[in-house]
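here is my input, please return the structure:
(one chain, ligands or ions: 4)
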Amino acid sequence: MTTIAHKICPLCEACCGLDVQIESGKVIAIRGQKTDVFSAGYLCPKGVALKDLHEDPDRLRTPLIKRNGEFVEASWDEAFAEIERRLTAVRTQHGANAVAVSAGNPSGHKFGLILYFGRLLKALGSRNVFSASTLDQMPKQLSSGLMFGAWLSIPVPDIERCDHLLILGANPMASNGSLWTVPDFRGKAKAMRERGGKIVVVDPRRNETADIADRHVPIRPGGDAFLLLGMVNTLFAEGLVRLGRIGEHVAGVAEVQAAMQPFTPEAVAARCGIDAQTIRGLARELAAAERAAVYGRLGTCTQEYGSLSSWLIDVLNVLTGHLDEPGCAMFPKSPAFSVNTEGKPGIGRGVVTGRHRSRVSGAPEVFGELPTGCLAEEIETPGEGQIKAFITIASNPVMSSPNGARLAAALDQLDFMLSLDIYLNETTRHADVILPGLSPLEDTHYDVALPQLAYRNAARYSPAALPPPAGHPREWESMVRLIAIAQGKGAGIDVQTFDTELLRADLQRQFGDQTDAVMAAISRHTGPERRLDLALRMGAYGDAFGKNPGGLTLAKLMDSPDGIDLGPLKPRVPEMLRTPSGKIELAPPSLIDDVKRAATALQQPAPEMVIVGRRQVRSNNSWMHNLPTLAKGPFRCTALVNPADAQRLGLTEGALARIARGSSGRHIEAQVEISDEIMQGVISLPHGWGHALPGARLSVAAERPGANLNDVLDEDLRDPLSGNAVLGGVAVQVTAVA
Ligand SMILES: Nc1nc2c(c(=O)[nH]1)N[C@H]1C(S)=C(S)[C@@H](COP(=O)(O)OP(=O)(O)OC[C@H]3O[C@@H](n4cnc5c(=O)[nH]c(N)nc54)[C@H](O)[C@@H]3O)O[C@H]1N2
Ligand SMILES: Nc1nc2c(c(=O)[nH]1)N[C@H]1C(S)=C(S)[C@@H](COP(=O)(O)OP(=O)(O)OC[C@H]3O[C@@H](n4cnc5c(=O)[nH]c(N)nc54)[C@H](O)[C@@H]3O)O[C@H]1N2
Ligand code: SF4
Ligand SMILES: [Mo]
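Ligands and ions are numbered 1, 2, ... in the order given. Below you'll find the predicted structure:
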């Protein structure tokens with residue numbers, strides 16, 4: 001008998017609904033779910049590869065414990081007993097800060113992990129919290145937090161009504177969108193252009209998105225802040241500033257104007273590699289467009305001026321009247337778990353940073369996290385607060401962070417390391433215990449964060465497509481047992497009972513003497529589902545436990561396998577603001593101050609060659625190169641070089657180039673691909689490759705390991721405000737390998 005299970009794909013931010021065809025417990029095919037109210041049948045090759053992932057013999061299905069340097073299979077109880085013994089010893093001997101935690105990208109997509117992560121951190125009480133966010137979007141979270149009052153109040157283009165889209169440092173054609181949940185970007189971009197809309201892409205590479213755009217403007221890597229400063233300067237100089245409806249809610253326009261004074265298009269042109277006339281033109285056409293949005297992503301975050309660039313993108317949106325209007329940059333309204341729909345509308349506590357600092361480099365905490373670039377030194381450097389134990393949760397920092405080799409060596413100095421992961425890979429090989437998660441097809445799904453970034457408001461939930469193997473806990477259950485260990489209650493607690501206790505304690509603070517009634521109302525669910533039911537019902541569209549009859553509940557979502565459409569984005573200013581002033585803070589002092597740092601770098605000459613990264617459709621960061629469906633076909637980990645550079649450097653198509661990072665002595669060898677899609681003076685290599693490290697169990701990936709871009713990047717190069725790693729625009733020396 002064939003059944004179709006509906007499953008939301010957890011692999012990237014597009015959140016596509018999938019039809020999983022199952023026969024006798026076996027996956028036959030995976031297709032886009034045409035009836036999904038949000039993704040309407042779209043999927044990419046990675047969604048199809050969920051079948052490979054499910055069946056991958058290398059995927060871990062049993063806990064592993066390292067004994068005498070070798071991993072051996074263990075029961076869940078044995079694994080937890082080992083964790084309890086060793087983690088407790090470290091905490092007793094060295095204190096709470098001796099345990100560090102790192103959350104990787106998939107933990108943001110798994111609701112059993114994300115909903116318990118905060119509770120685990122609280123129970124551990126350590127300042128040493130790290131995540132992929134400081135290799136990714138922390139600058140945007142910081143600028144949004146400072147401007148709008150919440151870390152995830154990030155405006156997204158209302159693409160279905162937009163007629164001018166300026167994209168910087170993003171490639172949604174390959175990435176399927178990021179900090180912008182937009183399945184089928186291609187279809188939506190096509191529709192936009194058919195309406196007469198225009199797409200402009202600013203990128204050192206004529207990427208797949210530039211290929212379908214109206215115009216590609218090459219930019220010197222790391223130059224975005226300068227381009228944007230020049231554009232804002234132009235708006236003021238030419239009288240193009242118009243704030244429109246939201247004007248009365250904006251503070252700091254005069255401060256921005258004053259700070260932008262020195263940055264005429266002529267002054268910034270060389271630094272961003274774009275001539276003054278083009279800069280003025282980009283500003284003018286943005287100002288002239290009725291419904292427009294500026295959107296920037298990874299390329300604008302992972303650079304020296306990541307926070308400045310992220311901020312200036314929204315400064316442009318505000319100053320041209322393109323924030324919070326239909327067809328412009330808008331704030332989605334999420335059905336659950338979003339700060340900007342909770343509490344008193346229009347005002348809040350805002351965000352602060354630097355409540356503590358990293359011990360060795362003194363990097364400020366941002367959003368409760370320290371920069372991942374500081375992880376190795378915090379393990380290596382002796383003294384009070386030194387990291388002695390490390391917990392990774394769906395995190396592969398040996399591959400995904402700059403100079404992972406240093407981190408790998410540091411991990412071997414730890415007293416104890418635990419990994420929640422589904423592979424024995426470059427990072428987890430260093431662990432003492434690995435607790436495997438489920439195959440995504442065996443897990444239930446709700447996107448906690450991404451509806452806050454969605455092109456359209458919707459609510460969707462999917463049950464497991466297949467039952468988990470007997471005795472295999474869901475990841476939230478492992479999290480609950482870890483919390484129990486951290487609280488000194490021991491791994492032997494009854495998970496359900498303890499989870500109920502944890503939730504009751506949380507609710508007590510919020511609901512006081514109503515707690516029992518609320519607990520009773522959500523008691524038909526357990527685990528993350530129970531927390532979800534609560535959040536939905538108390539959320540922006542919820543039934544408010546009967547006060548809003550017909551409103552959302554989890555039961556209602558479960559009865560709607562196609563999801564529930566909640567309509568197009570609507571203007572939300574001032575209701576969504578959570579700044580202490582109740583205003584949009586256009587001129588946060590720390591950012592205005594950082595403008596001075598940019599001023600001192602205006603004359604910085606372009607190095608002869610700099611390196612940047614790129615994403616590819618058939619790849620997902622560091623961990624999906626083991627799946628045959630994605631791994632087959634042409635070798636993808638190639639170094640793109642412009643024909644003029646190739647000639648000058650003596651590089652030939654298909655041969656190896658040696659890419660070295662200055663005096664560090666670190667270098668890699670990568671296969672050359674000559675193409676004029678990359679601008680002169682820039683070399684582009686995808687990240688997440690380099691699967692040749694010993695001790696990993698990735699048989700398919702190891703066949704064509706590729707080179708690791710992060711081996712030539714520096715762990716101490718960061719955007720100082722956000723702590724985000726600089727992953728592009730750094731100087732390298734490129735030579736032909738004989
Ligand atoms: N040079 C360079 N470096 C980069 C980037 C770049 O563009 N250039 N991009 C950066 C960005 S944006 C990001 S987000 C980071 C990502 O950095 P990470 O999050 O560290 O890396 P991933 O490659 O996503 O690895 C995810 C890990 O989770 C495991 N995993 C997968 N699914 C599950 C699951 O369901 N449960 C559990 N428990 N584990 C699971 C995988 O086996 C893997 O170990 O990389 C960053 N690094
Ligand atoms: N297929 C696939 N999809 C993915 C992922 C994946 O690995 N594979 N990863 C997911 C993750 S974790 C993330 S964070 C998102 C990222 O999503 P995107 O940001 O859309 O993806 P990237 O391909 O990294 O795009 C970055 C672009 O920035 C350009 N760039 C580099 N340096 C600069 C610069 O200094 N200035 C400008 N203007 N541009 C620059 C690069 O050439 C590239 O085109 O993708 C997600 N989706
Ligand atoms: S675009 Fe691909 S990987 Fe992303 S959610 Fe859709 S099917 Fe999954
Ligand atoms: Mo990311």
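
got the residues of the protein near ligand 1?
104-106, 110, 132, 135-136, 298, 394-397, 400, 420-423, 425, 427, 437, 613, 621-623, 687-688, 709-710, 713, 727 (CB under 6 Å from any ligand atom). For the C-beta atoms, the positions are set from N, CA and C on the backbone; glycine is no exception.

buried ones among the residues you listed?
Among the residues of the chain next to ligand 1, those classed as buried by 16 or more other CB atoms under 10 Å are 104-106, 110, 132, 135-136, 298, 394-397, 400, 420-423, 425, 427, 437, 613, 621-623, 687-688, 709-710, 713, 727.

in strands, which of the residues you listed appear?
420-421 (DSSP state E).

the closest residue to Asp562 other than its chain neighbours: neighbouring residues, count only.
Spatial nearest neighbour of Asp562, excluding adjacent residues (CB to CB, 6 or more residues apart in numbering): Thr35 at 4.4 Å. Burial of Thr35 is recorded as 13 neighbouring residues (other CB atoms under 10 Å).

so how far is Arg456 from Thr35?
Relative to Arg456, Thr35 is positioned 16 Å away (CB to CB, to the nearest Å).

ok, now Pro628?
34 Å.

same deal with Ala14?
12 Å.

please apply the same query to Val318.
In terms of CB to CB, Val318 sits 23 Å off from Arg456.

between those two, which one's more packed in?
Using other CB under 10 Å as the criterion, Val318 and Arg456 rank with Val318 on top: 26 against 19.

now do the same contact list for Ala540.
Neighbouring residues of Ala540 by CB atoms under 8 Å, 6 or more residues apart in numbering: 333-335, 338, 341.

and for His54?
27, 439-442, 466.

hang on, it in a helix?
Yes - the assignment for His54 by DSSP: H, G, I helix; E, B strand; the rest coil puts it in a helix.

okay, the closest residue in space to it that isn't next to it in sequence: pLDDT?
With sequence-adjacent residues excluded and distances taken as CB to CB, 6+ apart, His54 is closest to Ser439, at 4.4 Å. As predicted, Ser439 sits at a pLDDT of 97.

Pro686 too?
If you check Pro686, the pLDDT there is 98.

correct me, but Pro568 touches Lys333?
No - with contact defined as CB atoms under 8 Å, Pro568 does not reach Lys333; the gap is 10.7 Å.

number of residues surrounding the residue in the stretch 1-150 of the chain positioned nearest to ligand 2?
Residue nearest to ligand 2 within the stretch 1-150 of the chain (CB to the nearest ligand atom): Cys12, separated by 4.3 Å. For Cys12, the tally of surrounding residues (other CB under 10 Å) stands at 22.

OK, contacts around it?
With CB under 8 Å, 6+ apart, Cys12 has these contacts: 44, 46, 109, 175-178, 620.

how about the helices in the stretch 501-650 of the chain?
In the stretch 501-650 of the chain, the helices defined using DSSP state H, counting those that start in this stretch lie at 515-521, 527-538, 554-558, 589-600, 628-631, 643-649.

C-alpha coordinates for the fourth one, PDB please?
Once non-C-alpha atoms are left out, helix 589-600 reads as follows in PDB (Å, rounded to 0.1, in the frame of the first residue of the first chain):
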ATOM      1  CA  PRO A 589      25.200  55.100  18.800                       C
ATOM      2  CA  SER A 590      27.400  52.000  18.400                       C
ATOM      3  CA  LEU A 591      26.700  52.000  14.600                       C
ATOM      4  CA  ILE A 592      27.200  55.700  14.200                       C
ATOM      5  CA  ASP A 593      30.500  55.200  16.000                       C
ATOM      6  CA  ASP A 594      31.500  52.400  13.700                       C
ATOM      7  CA  VAL A 595      31.100  54.800  10.700                       C
ATOM      8  CA  LYS A 596      34.300  56.400  12.000                       C
ATOM      9  CA  ARG A 597      36.100  53.100  11.600                       C
ATOM     10  CA  ALA A 598      35.000  52.900   8.000                       C
ATOM     11  CA  ALA A 599      36.200  56.500   7.400                       C
ATOM     12  CA  THR A 600      39.700  55.500   8.400                       C
END
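
no more questions from me, cheers.
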